[in-house]
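Enquirer: Fold the following.
(chains A and B)
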There are 2 protein chains.
Amino acid sequence: MRPNARYSPVTSKIVDRLKAIVGERFVIHGDPEKLEPFSHDEIPDLAYAHAPEAVVRPNTTQQIAEIMKLANREMIPVTPRGAGSGLSGGAVPIHGGIVVLMDRMNHILEVDRENMMVVVEPGVVTNDINAAVRAEGLFYAGYPMSLETCYIGGNVAENAGGGKAVKYGVTGRYVVGLEVVTPTGEIIQLGGKLLKDVTGYDLISLMVGSEGTLGIFTKITLRLLPLPKASADLLCLFSSAADAIAAVPKIAIAGGAVPTSIEFMDSTSVRKSCEYLNESLPYHEAGAMLLITVDGPESEQVERQYEAIGEQCLRSGAIEVYVADNATTSERIWRVRRNIPEAFSVISTHQSNDDLVVPPANILQMVAGMEKLAQKHGVSIPAYGHAGDGNLHTRIVKAPDMTLEQWHGLLPKVLTELYELTARLGGKISGEHGIGHKRKKYMPMFVSPAALEMMRAIKRGLDPNNILNPGKIFDV
Amino acid sequence: MRPNARYSPVTSKIVDRLKAIVGERFVIHGDPEKLEPFSHDEIPDLAYAHAPEAVVRPNTTQQIAEIMKLANREMIPVTPRGAGSGLSGGAVPIHGGIVVLMDRMNHILEVDRENMMVVVEPGVVTNDINAAVRAEGLFYAGYPMSLETCYIGGNVAENAGGGKAVKYGVTGRYVVGLEVVTPTGEIIQLGGKLLKDVTGYDLISLMVGSEGTLGIFTKITLRLLPLPKASADLLCLFSSAADAIAAVPKIAIAGGAVPTSIEFMDSTSVRKSCEYLNESLPYHEAGAMLLITVDGPESEQVERQYEAIGEQCLRSGAIEVYVADNATTSERIWRVRRNIPEAFSVISTHQSNDDLVVPPANILQMVAGMEKLAQKHGVSIPAYGHAGDGNLHTRIVKAPDMTLEQWHGLLPKVLTELYELTARLGGKISGEHGIGHKRKKYMPMFVSPAALEMMRAIKRGLDPNNILNPGKIFDV
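Expert: This is a model prediction of the structure:
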């Protein structure tokens, strides 16, 4: 690959054309301070940052199509960006060029009660969808931890998972229709208000999780579900991470149904988040916790399900089980869970955020292996995440007494060993955060050359000039 | 396109090589009578049939890879085939060449209770999966109407839906891992025993529903769910199809949760199937029926859910509501539903089977429009299918007093008008049966040129010689 060589700079002539497309006020250019916020996402380490040459803020599909046509003619890379809450560098314009910011396309276009669907623009904050549909007795099942700030368009681009994926699946399950601007600037409609559709290849699923490399979504139709009438959380305290994790595979069968959430937090993660929020949870001497949510159409059934699960946890060695069956307590606990990444991020920029996923039955070995690795290399590797899915988040954090040189020498070794462990356990490098450019050099450990070549063939076929978000997931 | 011109015939030299790969006993060649069963699927109209030159029955992934490499070297088209229960001609070798029959790869390789997954070969009969996992308290949620004969490999290739898709979704939701022989003969592993995975493009979803044009599946890992402990069916009789269909959108919200099934059968469909099976259902003067299934972890909750739904149906004009809460009665009713296609097929080969899907709230207009079309053209268009999904199956049947000439002149007109109606209602041409070659000429009515070109680009990228199941879905 010849980095950058193939691309042209964003000249003032191009800037004028961009202004003609989206309006003068909606182009940011020439001011490094104003461009800086668009140089990174939520990865703490600034080594992954790179500033764009221009940021444009379109508010129609047609404008985006024109931008893509211009970019193809002039050979300028385009990187779409939502709220910038990503954790893999997906929205970082590593070859410069134009960032297309979706913040003005933030309208909920239609709540369709009869079809139980909602049509939204990509810049809608995920949480706002539920605020809009709740009154109709409906709910959107996506629940990424950043739901108070992230955009639904980014959720679709990354195929975001989150806290409710055990029962409800990930974002892709709910995307039934997409309006897409293709890498060459065509506008296409995929799917519709349809619950099933096999009219040709499943291009929607190909777009979902493509990390902004195959298309820019301009309209999203999501399937909704009836709002569960009852819900409760269990906070189960265990003396060790191993005990907590060992309980996980038994929970679904004990409860007779898949619970909504099975979240894992080790003691470091809970403590850091509580400190950050000035909150207190009853974590006492607990080495780890499971946060388990159950929901359903009626409270009696929910109660029986969580009681069966609570008993199973006690049989599996839980020290204590707390029940939160009201919204306030529930929100307090979930707030602690949601803020773990932020709590770690503020400590130091010298850390690596990871998103490993293994077969659910193997997370016990995964956690044990991570503890060994931490000891071996003298770093802290706290873990938290979606244990019910086998999806563990972790932060490898620089020890305070380490020099930066030591840290930069050590991190690649720890990461490689961590990923080798993941591969041995039948796992993959990302469950929901994506590859972006943070993880792309490790792709060959998890995806065979023939499969990687398939991905490249698709990218080349859809984006012949390699204009849309180049350098993400793999190099062409 | 130059049909056939690009392909070479299966010479006796090629047959010898195929015999060397799979063994002499497992190659069928040179005997038109023995090749005939592989010339068609379950489409009644033999106009869609075409015989292969050879049928091979491999039993290892390696053999299939060798067959694909040979076919690429010699430019011979290869069509994979499962049980032949398809309804779009997907397994029909329209350019001749080699049919790869999956019947010997019929082993359930592993039931993994801890991960709640099962690993199977593609030739396993779908129903056998549940027979194998039930003892572990688990179940596979796929329920195509042909489940007693169809193969799971075909279900994956077509992204089969079926009777439980309202609650449980279609086949694709459960496919977490695939071993695939690519069109060029490489063996790749996609996914794994993972509940989420965004390590690169979602090639599994691209393979699912690709109708055997992008890869041959040789090993399939499916997610299982805890076996619901309680289940019941409601048979709701309405005086007209319109009344029955109008009740559908209210059912999920009335019951407080999405039911397992909402099946629709008009009076003609029920009568024909009952005659075929020598069965009697209480259809009396009913113009149409809804068959609604509810399941869950406990009987009290299931009972309350079906009572709420039954009351809603009565409020929506149901004449009568019968409850089937035991396995025998349940199976009697479902058998009638499952056998509708077969009951129609035996009447005459002069009929067209269709698989329309519209937004759920529009099926009332769809059914009304179909009735008008039937009157206008003097044909019968009985309807049945997955009303809860907006997925209606229909058969356009030649009237007995029509000449064959009249019929062949009329059918394309009726089909075009039916599809135009579908498009106007925001629908698509296939919900679960696929496009195959039966529907490919109608693709441009439902898929824009740019989206179709995307599909072609993917096919060209993955199958540069157009060897694997050419001429299906679209022409390259």
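
Enquirer: Next, the contact list for the residue nearest to residue A:26 when sequence neighbours are not counted, please.
Expert: Counting by Cβ to Cβ, 6 or more residues apart in numbering or on different chains, residue A:26 lies nearest to residue A:57, which is 4.1 Å off, once chain neighbours are set aside. Just so you know, the C-beta spots here come from the backbone N, C-alpha and C atoms, and that holds for glycine as well. Residues near residue A:57 by Cβ atoms under 8 Å, 6 or more residues apart in numbering or on different chains: A:22, A:26-28, A:101, A:103-104.

Enquirer: So which of those residues wins on neighbours?
Expert: Within the contacts of residue A:57, neighbour counts (other Cβ atoms under 10 Å in any protein chain shown) peak at residue A:101, which reaches 24 neighbours.

Enquirer: about what we covered before: how close does the residue nearest to residue A:26 get to residue A:155?
Expert: Relative to residue A:155, residue A:57 is positioned 20 Å away (Cβ to Cβ, to the nearest Å).

Enquirer: got it, and residue A:170?
Expert: Distance, residue A:170 to residue A:155, by Cβ to Cβ: 9 Å.

Enquirer: more crowded one of the two?
Expert: Using other Cβ under 10 Å as the criterion, residue A:170 and residue A:155 rank with residue A:155 on top: 33 against 28.

Enquirer: Next, the more buried one: secondary structure please.
Expert: State at residue A:155, reduced to three classes by DSSP: H, G, I helix; E, B strand; the rest coil: helix.

Enquirer: wait, doesn't it sit right on residue A:146?
Expert: No: judged on Cβ atoms under 8 Å, residue A:155 makes no contact with residue A:146 at a distance of 9.1 Å.

Enquirer: anything in contact with each of those two?
Expert: Both residue A:155 and residue A:146 are in contact with residue A:126, where contact means Cβ under 8 Å, 6+ apart.

Enquirer: And for the residue in the stretch 1-150 of chain A positioned nearest to chain B, nearest residue in space, chain neighbours not counted?
Expert: Nearest to chain B in the stretch 1-150 of chain A, going by Cβ to the nearest Cβ, is residue A:114, at a distance of 3.8 Å. Leaving aside its chain neighbours, residue A:114 sits nearest to residue B:361 (3.8 Å; criterion: Cβ to Cβ, 6+ apart).

Enquirer: With residue B:426 as the reference, measure out to the one you found.
Expert: Residue B:361 sits at a distance of 10 Å from residue B:426 (criterion: Cβ to Cβ).

Enquirer: Now for those two: what residues contact both?
Expert: Residues touching both residue B:361 and residue B:426 (Cβ under 8 Å, 6+ apart): residue A:193.

Enquirer: what residues are up against residue A:402?
Expert: By Cβ under 8 Å, 6+ apart, the residues touching residue A:402 are A:378-379, A:410.

Enquirer: In three-state terms, how would it be classified?
Expert: coil.

Enquirer: I figured residue A:318 was touching residue A:237, is that so?
Expert: Yes: taking contacts as Cβ under 8 Å, residue A:318 lies within contact range of residue A:237: 6.2 Å.

Enquirer: Any idea how far apart the tips of stretch A:437-448 sit?
Expert: Length of stretch A:437-448, first residue to last, Cα to Cα, to the nearest Å: 18 Å.

Enquirer: Can you say which helix or strand has residue A:189 in it?
Expert: Secondary structure from DSSP states H and E places residue A:189 in strand A:187-191.

Enquirer: repeat for residue A:100
Expert: Taking DSSP H and E as the definition, residue A:100 sits inside strand A:98-101.

Enquirer: Just give me how far that strand sits from the chain centre.
Expert: Here strand A:98-101 is found 20 Å from its chain centre; the criterion is Cα atoms, centre = their mean, to the nearest Å.
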